[in-house]
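Novice: Structure for the following, please:
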Amino acid sequence: MIGVDTNVLVRHLTGDDPEQSPRASAFFAERSAADPAAISIVTLVETVWVLIRGYGLPRERVHAIVRALCASRDVVVHHGASVIRALRDAEDVGCDLPDALIAHLGIDGGADGTVTFDRRAGRLPGMLYLAES
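Specialist: Numbers count the residues shown, from 1 in each chain. Sure, this is the predicted structure:
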């Protein structure tokens, strides 16, 4: 297994660079269940932000990409079960996936909750909206 940085994953997913994108795609084509690519939570979150904010992809399309990565036998997404739960909750609440990941990774790490000033994220399981007193 070999880890993947955000720039390699983005080049593969977008095909936006005539030199780097083919190399990134070739790297992924060489992956298998016996030798998968490893995508960390940091790489995943950066990729989500880049695709939505930098490339203007709709949230639904980015969520589909994340689901496909989690389902792939050639890729290991760290904390994959948490990512899938976070996707579901982000869609149910209408918040950003990174916020839902913060909530789920906190739960998985044993936190009683995670405080936030984000009202929408505060509706997520495991998030506690820190309201004014």
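
Novice: Residue 122: what's it in contact with?
Specialist: Residue 122 is in contact with 116, 128-130, counting by Cβ atoms under 8 Å, 6 or more residues apart in numbering. Placement of C-beta: from N, CA and C, glycine included.

Novice: Same check on residue 92?
Specialist: Per Cβ under 8 Å, 6+ apart, neighbours of residue 92: none.

Novice: What pLDDT is listed against it?
Specialist: Here, the pLDDT recorded for residue 92 equals 93.

Novice: now residue 129
Specialist: 91.

Novice: Surely it and residue 116 touch.
Specialist: Yes - counting by Cβ atoms under 8 Å, residue 116 is a contact partner of residue 129 at 6.2 Å.

Novice: Compare these two and say which is more crowded by neighbours.
Specialist: residue 116 (19 against 14; other Cβ atoms under 10 Å).
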